[in-house]
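**Q** Sequence below, structure please.
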Amino acid sequence: MAGILYLVATPIGNMEDMTMRAIRILKEADLIAAEDTRDCLKLLKKFDIDTPTTSYHEYNRFDKGRLLTEKLLQGTNIALITDAGTPGISDPGEVLVQMCYEEGIRVVPVPGAVAGINALIASGQKTRSFAFEAFLPSEKTDKKERRKVLERLKTETRTIILYEAPHRLVKTLEVLRDTLGEERELTICKELTKKYENFFKTNIDGAIAFYREQEPRGEYVLVIAGKSEEELRQEKEAEFAEVSIEDRLRELMEAGITKKDAVKQVAEERGISKREVYQVSINI
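**A** Numbering: from 1, shown residues only. Presented below is the predicted three-dimensional model:
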């Protein structure tokens, strides 16, 4: 009978956030797969956990993932932990979970701390819906993906959550200013659950000015307001002012869309009645 993969959340700073269930699962598991086996020793020692450990990280996630999957199929119960927080969130655990589903292996979450969610709820930004992007793709190693993500964020109306390291914070803020505008509101959440935890609500330009004067230290979560519906409406109006209804209809029809469907699409794009667009289409 196959074993179970447990996704065990661990504290992101304050050890008191460790749950009783997480401690029990780590003690009962046959093996703990940790992102850094040396890093996790402090946690295991504090809670008297002596379960054997093995490494599972970004650089061995495929080969080691297959090995761990084989162990699970043989009946080994494995608890997966990350350096801090919940495994599988911006983390190589995502790959192992996918492998388990392919093999029909049961996956059980053991909830706990997640930096992004804790930052969101304490940020003062809208929480009803949000877009979690973790760390932006590297400019050095994945320029194409980075451009795609930034382009997507330009029109994102949901609250945006990003992670960032201190040495890249100002550079990332400058990129966000160029992408989202200097007035876009955000909350910078620093060192969550730790001694120097801090929440700084400002706009992107204000954040850049602040961190140019004060060296960033610690780990950061950026919670950024999405683009407002009013901003989107104004941008659409500006775009429509440049392209007439007639020109837009011609553009769609030249692309192979029927006149009827083109009329419908233009009406939807501009928030006007189909009758109004139809009257223009008569002359085409």
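**Q** and stretch 202-215, how far from the chain's centre?
**A** Stretch 202-215 sits 23 Å away from the centroid of its parent chain (C-alpha atoms, centre = their mean, to the nearest Å).
**Q** List the buried residues for it?
**A** For stretch 202-215, a neighbour-count test (16 or more other C-beta atoms under 10 Å) marks 203, 204, 206, 207, 208, 211 as buried. The C-beta positions use only the backbone N, C-alpha and C, and glycine is treated the same way.
**Q** can you confirm the fifth one is in a helix?
**A** Yes: checked against DSSP: H, G, I helix; E, B strand; the rest coil, residue 208 lies within a helix.
**Q** Touching, it and residue 173? I think so.
**A** Yes: between residue 208 and residue 173 a contact is recorded at 4.9 Å, counting by C-beta atoms under 8 Å.
**Q** who touches residue 120 in this structure?
**A** Applying C-beta atoms under 8 Å, 6 or more residues apart in numbering to residue 120 gives the contacts 127, 130, 159, 161, 223.
**Q** of those residues, buried ones?
**A** 130, 159, 161, 223.
**Q** now the last one: how far from residue 111?
**A** Taking C-beta to C-beta, to the nearest Å as the criterion, residue 223 is separated from residue 111 by 21 Å.
**Q** likewise the third one?
**A** Counting by C-beta to C-beta, the gap between residue 161 and residue 111 amounts to 18 Å.
**Q** so how far is residue 176 from the nearest residue to residue 211 once chain neighbours are set aside?
**A** Sequence neighbours aside, residue 170 is the residue nearest to residue 211 in space, at 5.1 Å (criterion: C-beta to C-beta, 6 or more residues apart in numbering). Going from residue 170 to residue 176 by C-beta to C-beta gives 11 Å.
**Q** pLDDT weak spots in the stretch 151-284 of the chain?
**A** Along the stretch 151-284 of the chain, segments meeting pLDDT under 70 span 237, 239, 241.
**Q** As a check, name the ranges of all helices in the stretch 101-250 of the chain.
**A** Ranges of helices in the stretch 101-250 of the chain, per DSSP state H, counting those that start in this stretch, are 115-121, 143-154, 169-180, 204-213, 229-242, 245-254.
**Q** The helix or strand that comes right after the last one packs against which elements?
**A** Downstream of helix 245-254, the next assigned helix or strand under DSSP states H and E is helix 259-270. Judged by 3 or more C-beta pairs under 8 Å, 6 or more residues apart in numbering; DSSP states H and E, helix 259-270 is in contact with helix 229-242, helix 245-254, helix 274-281.
**Q** Mean neighbour count for these - can I get that in TSV?
**A** Below are those laid out as TSV (neighbours: other C-beta atoms under 10 Å):
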stretch	mean neighbour count
helix 229-242	11
helix 245-254	15
helix 274-281	15
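**Q** What segments of the stretch 51-200 of the chain are strands?
**A** Applying DSSP state E, counting those that start in this stretch to the stretch 51-200 of the chain gives strands spanning 53-55, 78-81, 106-110, 130-134, 159-164, 185-190, 198-203.
**Q** so which of the ones you listed comes closest to residue 254?
**A** strand 130-134 (34.6 Å; C-beta to C-beta).
**Q** and the closest one, which residues are buried?
**A** For strand 130-134, burial by neighbour count (16+ other C-beta under 10 Å) applies to 130, 132, 133.
**Q** was I right about the last one contacting residue 161?
**A** Yes: under the criterion of C-beta under 8 Å, residue 133 makes contact with residue 161 at 6.7 Å.
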